[in-house]
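K.L.:
got a predicted structure here, sequence first:
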Amino acid sequence: MAVFAAGGDYTEAVVAVVATIPRGRVMTYGDVAWTFGRAGARAVGMVLRYHGEGLPWWRVVRAGGHPPRGLSIEARAHYDEEGTPLVPAPTPEGYRIDLGLAGWTPEDERS
DNA sequence: GCTCTGACTATTC
DNA sequence: CGAATAGCCAGAG
């Protein structure tokens, strides 16, 4: 695992988990944070915002299955490209992630 | 080394 | 059901 600019364990952990998420699957910020033993859901998003370079940040969504703020359009393009299960919803973005199908964790054996 | 900010979450009004 | 508040952690200034 390459060491990123921040060099902090937290950043490294976030990067490791996000990079582990398979194509077409997503994790919530809370789940990602919980995976490495920290509840900093906000911090996870911050790491992706500053150090999200080269990372599939769109595979990390909020608790309700909503994409990151301001990046809903870009995120949707990736979801459509990867075939991520999306569901029409009365949200400002007009859609949300189907956590029931796309929901994933490092423990999940499904490809 | 302290303070503010933020790609969040859960609870309450 | 939508808006507001509080709690949370880490990075940047």
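P.N.:
Sure thing, it's come through. Here the structure is a predicted model, which is why all the values come from computation and not from measurement.
K.L.:
quick one: low-confidence ranges for chain A?
P.N.:
Under the criterion pLDDT under 70, the flagged ranges of chain A are A:1-8, A:111.
K.L.:
which residues are in contact with the residue nearest the centre of it?
P.N.:
Among the residues of chain A, A:Val60 comes closest to the average C-alpha position under Cα atoms, centre = their mean, at 0.9 Å. For A:Val60, the contacting residues are A:18, A:21, A:26-29, A:32, A:44-45, A:48, A:68, by Cβ atoms under 8 Å, 6 or more residues apart in numbering. C-beta: built from backbone N, CA, C; applies to glycine.
K.L.:
now with 6 Å, please.
P.N.:
Contact analysis of A:Val60 by Cβ atoms under 6 Å, 6 or more residues apart in numbering lists A:18, A:27, A:32.
K.L.:
mind checking how far the second one is from DNA strand B?
P.N.:
According to Cβ to the nearest atom of the strand, to the nearest Å, A:Met27 stands 10 Å off from DNA strand B.
K.L.:
what is that residue paired to in the beta sheet?
P.N.:
Beta bridges link A:Met27 to A:Val60, judged by DSSP bridges.
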